[in-house]
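J.: Build the 3D model from these lines:
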Amino acid sequence: MADNLNTRAIVYDMLMSIEKENTPSHILLSQTLMKYQYLDKRDRAFISRLFRGTLEYEIFLDGVIRQFSSVRLNKIKPPIKIILRMSVYQILKMDHIPDAAACDEAVKLARKRGLKNLSGFVNGVLRNISRNKDNIRYPDADREPAACLSMRYSMPEWLASMWLQEYGFETTAKMGQAMLDDQKTSVRVRNPQNTENVKEALAAEGLQTEPGCILPEALHISGYDYLGNVDAFADGQIVVQDESAMLAAAAAGIAGGETIIDVCAAPGGKSMHMADLLHESGHVSARDLTEAKVIRIRENLLRTGLTNVSAEVKDALEFYPEDEAKADIVMADLPCSGLGVMGRKADIKRSVTPEKIAALAALQREILTVVQRYVKPGGVLIYSTCTVSKAENEENMHWFSEHFPFHLESMDAYVPAVVHSEQTKDGWIQILPGQYQSDGFFIARFRRSQDGGMKC
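T.: Numbering: from 1, shown residues only. Reported below is the predicted structural model:
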């Protein structure tokens, strides 16, 4: 590595940005890698892994620091806490980095950032941890199951408690591990008939591909440095989309010629998928709340060359009378807690709370109350989220069918047999993190009654 101190300093500054400004981690990482394109691939990989790893394992790392620090964690200044976290991650999770190097570089970084008087404390804590790697203690799984899961899988204890109640210890542990595993980059080949040619083109650029687990047009790709430089992405042959999210468009059962409204569309993955399934027929109205979000949709449309999609700023909470009963399909992929994608967006662990989940569940009901009016009699509404929370998913699904003239309809005729279950037969599916090597995702398929009347 050309300059270990500089790459660590870059990661430190990124983590401080999150600490001070709550900058979304995935956006910050993308911006940083773009800024430092001149670094060699190994340096950029180091920045990415250390940044992501420190965020992903933050709760675990704090638990370790508590055990070996003479100062209580809440008394340690944020800059020192960040240096300790990123250094403990190197000591415990990056085997190719010597412990001594991690300690020495941490001390140098503390001094470089004007914390010279605390560099001895940093050195002492890190060398104590290095000597006691085999003596790290975890809460007892029988007496404190939530605390045990929280530290082992670096998830908030309240979340471990919620998932324990909803899914049990074993499933919660599997979800926790899945979110710490390396996250695959999943892409959708826009023309499934062209999949083999796309694979050959990617291989010619040095990328490795594996088939997806659910859909034939899905690929898992690796071996790239910057996706924007990959020809198949730049010319719109592939789009980044998790397989679980691809199922939402599949579940809509698009036959061709439909009028579709996607009410919370940014960055446009599902809108583009549905437009591809329309095969240049019909139309997708892709909407979102702000101009910035709509610009992202338009950028993706420009790259893919799709002409049967329009992108516009529209508030999903505002009713637009001109759209009443005009849509064959409404895609309602709604704002949610994002618990299903924590493996990709680790800062969700520090931002989501039970209170926010309750507020988001209420917001979803408000949006559904409005957008269901756009569905034609006999039309379809797809309700989806990228979370694993019964309050936001199953409970809202049942609430919706109880309050509006819609019924759940089996999605087995539309989604691949590999995901068929009692759930899909009943019209919904909850994919858990790691299942099908995918993110956590929820989908429910509703059919509006032919008379379109409102329930009392």
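
J.: show me what contacts Ser186?
T.: Counting by C-beta atoms under 8 Å, 6 or more residues apart in numbering, Ser186 makes contact with 212, 218-221, 240-243, 438. (Glycine included, C-beta is placed from N, CA and C.)

J.: and the two most separated of those residues?
T.: Ile221 and Ser438 (14.7 Å; C-beta to C-beta).

J.: re earlier: return a ChimeraX selection command for the buried portion of the contacts of Ser186.
T.: Buried members of the contacts of Ser186, defined by 16 or more other C-beta atoms under 10 Å, are picked up in ChimeraX with:
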select :212,218,219,220,221,241,242,243,438
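
J.: So which of the contacts of Ser186 is the closest to Ala9?
T.: Nearest member of the contacts of Ser186 to Ala9, counting by C-beta to C-beta, is Val240, at 29.4 Å.

J.: nearest residue to the closest one other than its sequence neighbours?
T.: Val187 (5.5 Å; C-beta to C-beta, 6 or more residues apart in numbering).

J.: hey, what's that neighbour bridged with?
T.: Val187 has these beta-bridge partners by DSSP bridges: Leu219, Val240.

J.: Check the burial of it by counting its neighbours.
T.: Residues near Val187, counting by other C-beta atoms under 10 Å, number 27.

J.: Just the buried residues of stretch 421-430, please?
T.: Quick answer for stretch 421-430 (16+ other C-beta under 10 Å): 423-424, 427-430.

J.: taking the residues you listed as a set, which two sit the farthest apart in space?
T.: Largest pairwise distance in those, by C-beta to C-beta, is 12.1 Å, between Gly427 and Gln430.

J.: List the contacts of the residue nearest to Val240.
T.: Here Val187 is in contact with 218-221, 233, 238-241 (C-beta under 8 Å, 6+ apart).

J.: roughly how far apart are Leu334 and Ile80?
T.: Applying C-beta to C-beta, to the nearest Å, the value for Leu334 to Ile80 is 40 Å.

J.: Compare these two (neighbour count), which wins?
T.: Leu334 (24 against 19).

J.: tell me the contacts of the more buried one?
T.: By C-beta under 8 Å, 6+ apart, the contact set of Leu334 is 263-264, 316, 363-364, 367-368, 383-385.

J.: residues near the nearest residue to it once chain neighbours are set aside, how many?
T.: Once flanking residues are discounted, Leu334 sits nearest to Gln364: 4.8 Å by C-beta to C-beta, 6+ apart. Neighbours of Gln364 under the rule other C-beta under 10 Å: 23.

J.: Provide the backbone phi and psi angles at Gln364.
T.: Main-chain dihedrals, Gln364, degrees, to the nearest 10: phi -60, psi -40.

J.: Report the contact partners of it.
T.: By C-beta under 8 Å, 6+ apart, the neighbours of Gln364 are 334-336, 385, 392, 396.

J.: Show me these that map onto helices.
T.: With helices defined by DSSP state H, the entries of the contacts of Gln364 inside them are Asn396.

J.: Most neighbours of all the contacts of Gln364, which one?
T.: Neighbour-wise, the contacts of Gln364 (other C-beta under 10 Å) top out at Thr385, 28 neighbours.

J.: If we go by neighbour counts, what in stretch 29-36 is buried?
T.: Within stretch 29-36, the residues scored as buried using 16+ other C-beta under 10 Å are 29, 32-33.

J.: Gly440 against Leu432, yeah?
T.: Yes - if you go by C-beta atoms under 8 Å, Gly440 and Leu432 touch, sitting 5.6 Å apart.

J.: Looking at the two now, which is surrounded by more residues?
T.: A side-by-side neighbour count of Gly440 and Leu432, using other C-beta under 10 Å, places Gly440 first with 27 against 21.

J.: The stretch 151-300 of the chain: strands as residue ranges?
T.: Using DSSP state E, counting those that start in this stretch, the strands of the stretch 151-300 of the chain run over 185-189, 208-211, 218-222, 238-240, 259-262, 283-288.

J.: I'd like those written out as CSV, with distance to Glu324 and mean pLDDT added.
T.: Output for the strands of the stretch 151-300 of the chain, formatted as CSV (distance: least, C-beta to C-beta, whole Å; pLDDT from 0 to 100):
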stretch, distance to Glu324, mean pLDDT
strand 185-189, 32, 97
strand 208-211, 43, 96
strand 218-222, 36, 96
strand 238-240, 31, 97
strand 259-262, 11, 98
strand 283-288, 14, 98
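
J.: So which of those is nearest Ile129?
T.: strand 218-222 (31.7 Å).

J.: Is the residue nearest to Glu409 when sequence neighbours are not counted in a helix, a strand, or coil?
T.: In space, and not counting its chain neighbours, Glu409 is closest to Arg447: 4.3 Å by C-beta to C-beta, 6+ apart. For Arg447, the assignment made with DSSP: H, G, I helix; E, B strand; the rest coil gives strand.
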